[in-house]
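> model this:
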Amino acid sequence: ATILYTSGTTGHPKGAVSTHRGVCSALAAFGFMAIANALRSPKEAQAAAAFPTCFILVVPLFHVTGCVAVMLSCFAAGYRLVMMYKWDAERALELIERERVTRFIGVPTQAWDLLESPDFATRDTSSLANVGGGGAPAPPELVRRIDKSFSKGRPGIGYGMTETNAYGPQNSGDDYLRKPTSTGRVAPSMQVRVTDDAGRELPRGEVGEIWFRGPMLIRGYWNRPEATAETIVDGWLRTGDIGRIDDEGFVYVQDRAKDMVLRGGENVYCAEVEAAIYEHPAVHEAAGFGLPHDRLGEEGACAVLLKRGQKLAERELRDFLAQHIAQFKIPTIVEFRDEPLPRGATGKILKRQLRDELTAVRAAG
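Residues are numbered from 1 along each chain as shown. Below is the predicted model:
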């Protein structure tokens with residue numbers, strides 16, 4: 001049915017080939033999840049019914065979120081869909097107000113853009129019932145701000161991939177506020193497990209690689225049999241994400257395996273470092289990544305964009321982080337940027353580009 005290319009933020013993009021069964025299974029599963037959430041949170045469901053369901057498309061249609069989770073879900077359910085040509089926070093706020101949009105699904109950086117827009121306070125966003133998305137972990141501070149800043153809009157996140165037709169565990173509302181670092185409970189019609197390096201399932205609470213299984217998985221990668229065999233093992237999809245599942249069945253994605261920094265034998269999860277950086281009130285965007293180091297193997301680095309009119313010294317940021325994370329997790333290299341961090345067409349921050357740029361600068365002295 002489709003060949004959608006992975007975003008390639010940590011590696012070379014691959015064409016994910018999905019069948020009609022895979023796409024339709026994902027759409028049915030999204031419907032199951034919506035019913036389950038409405039039954040679990042009737043008050044939120046009642047508040048959402050104040051306006052006819054209307055989605056806004058803020059990510060490209062060549063991305064699985066835009067194509068399957070948003071557009072095809074609206075097509076299957078008969079919902080209205082407002083489509084943006086390209087992302088612009090001010091334009092999005094205008095459309096949300098004018099079209100009475102009820103559901104916003106994007107990447108966390110786009111939710112930040114809405115909240116930081118100079119137009120936010122003057123636009124009517126009361127129709128929004130859910131402000132969520134996925135593609136990257138959302139900092140806990142963003143979860144709290146969404147819940148406080150929108151009159152009805154509750155925060156939400158989904159842990160889906162191109163390889164799962166965007167479907168996976170979801171977290172929203174009170175559950176999300178209670179567990180802001182979790183991507184949500186294991187979802188209907190999908191199995192999730194955490195494994196060790198040998199592929200053996202680990203007990204609840206232990207950290208390993210997250211694997212998925214279900215009818216919504218892709219068939220494989222286009223003309224990449226080796227990559228397919230490496231990723232899909234006995235019907236299970238190896239996500240390449242490091243995480244755990246707690247006693248309540250909530251899934252925690254601690255980082256991409258390729259995004260984790262191995263510093264002197266210690267694992268440093270960039271998502272945790274970024275969450276701590278976002279706690280600082282002067283920060284608008286942040287990205288953590290690793291750089292080669294002769295003695296430690298890797299050292300932590302981060303790129304930061306401050307909010308308009310804000311100032312922050314490197315020492316101040318390090319002192320702030322020392323109150324939230326262990327000393328060895330604090331980036332040794334901090335780069336403050338004057339322009340927004342580079343993003344791909346899907347809105348995700350391009351850490352590979354940041355890493356390459358900073359490596360080149362250091363090599364040049």
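> give the contact list for A1.
A1 makes contacts with 18-20, 22-23, as judged by C-beta atoms under 8 Å, 6 or more residues apart in numbering. For glycine as for every other residue, the C-beta is placed from the backbone atoms N, C-alpha and C.
> Correction: the previous question concerned P137.
Contact analysis of P137 by C-beta under 8 Å, 6+ apart lists 108, 181, 183, 253, 271, 274-275.
> Do a quick rundown of the strands in the stretch 101-250 of the chain.
Along the stretch 101-250 of the chain, the segments classed as strands by DSSP state E, counting those that start in this stretch run 103-106, 130-133, 154-158, 170-172, 184-185, 191-195, 208-213, 220-221, 232-233, 236-245, 250-256.
> Mind putting these into a markdown table with mean pLDDT, mean neighbour count and distance to Q353?
Output for these, formatted as a markdown table (pLDDT from 0 to 100; neighbours: other C-beta atoms under 10 Å; distance: least, C-beta to C-beta, whole Å):
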| stretch | mean pLDDT | mean neighbour count | distance to Q353 |
| --- | --- | --- | --- |
| strand 103-106 | 94 | 25 | 20 |
| strand 130-133 | 90 | 25 | 22 |
| strand 154-158 | 93 | 25 | 24 |
| strand 170-172 | 92 | 24 | 29 |
| strand 184-185 | 92 | 22 | 30 |
| strand 191-195 | 96 | 18 | 30 |
| strand 208-213 | 96 | 22 | 25 |
| strand 220-221 | 96 | 20 | 23 |
| strand 232-233 | 96 | 16 | 29 |
| strand 236-245 | 94 | 20 | 19 |
| strand 250-256 | 86 | 21 | 15 |
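> Reformat these as CSV; add distance to A286.
Formatted as CSV, these follow (distance: least, C-beta to C-beta, whole Å):
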stretch, distance to A286
strand 103-106, 18
strand 130-133, 18
strand 154-158, 18
strand 170-172, 21
strand 184-185, 23
strand 191-195, 27
strand 208-213, 24
strand 220-221, 31
strand 232-233, 33
strand 236-245, 20
strand 250-256, 14
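> The ones you listed: which one's closest to Q46?
Comparing the strands of the stretch 101-250 of the chain against Q46 with C-beta to C-beta, the closest turns out to be strand 154-158 (12.7 Å).
> tilt between that closest one and strand 250-256?
70 degrees (axes from the mean of the first three to the mean of the last three C-alpha atoms, to 10 degrees).
> In its sheet, which strands sit next to strand 154-158, and in what direction?
strand 130-133 (parallel), strand 170-172 (antiparallel) (DSSP bridges).
> In a markdown table: those strands, plus distance to E226.
What follows is those, written out as a markdown table (distance: least, C-beta to C-beta, whole Å):
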| stretch | distance to E226 |
| --- | --- |
| strand 130-133 | 32 |
| strand 170-172 | 32 |
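> out of those, which comes closest to K307?
Per C-beta to C-beta, nearest to K307 of the strands paired with strand 154-158: strand 130-133, 19.2 Å.
> what's the lengthiest helix in the chain in contact with?
In the chain, assigned by DSSP state H, the helix with the most residues is helix 20-40. Helix 20-40 is contacted by residues 1-2, 44-45, 68-69, 72-73, 76-77, 164-167, 170, 172-173, 187-190, 214-219 when judged by C-beta under 8 Å, 6+ apart.
> same thing with stretch 357-365?
So stretch 357-365 is in contact with 291-292, 301, 303, 333, 335, going by C-beta under 8 Å, 6+ apart.
> okay if I get these as a markdown table plus neighbour count and secondary structure?
A markdown table is the format used below for those (neighbours: other C-beta atoms under 10 Å; DSSP: H, G, I helix; E, B strand; the rest coil):
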| residue | neighbour count | secondary structure |
| --- | --- | --- |
| L291 | 16 | strand |
| P292 | 11 | strand |
| A301 | 25 | strand |
| A303 | 24 | strand |
| I333 | 16 | strand |
| E335 | 16 | strand |
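> of the contacts of A1, buried ones?
Buried by 16 or more other C-beta atoms under 10 Å: 18-19, 22-23, out of the contacts of A1.
> can you list those in CSV and add distance to P340 and pLDDT?
Output for those, formatted as CSV (distance: C-beta to C-beta, whole Å; pLDDT from 0 to 100):
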residue, distance to P340, pLDDT
S18, 32, 98
T19, 37, 97
G22, 34, 98
V23, 33, 98
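> ok, so of the residues you listed, who is nearest H63?
S18 (13.3 Å).
> Can you name the residues that contact the nearest residue to A227 once chain neighbours are set aside?
Distance criterion C-beta to C-beta, 6 or more residues apart in numbering; nearest residue to A227, sequence neighbours excluded, is Y221 at 4.7 Å. For Y221, the contact set (C-beta under 8 Å, 6+ apart) comprises 14-17, 227-228, 231.
> Restricted to helices, list the residues you listed.
Reading helices off the contacts of Y221 with DSSP H, I get 227-228, 231.
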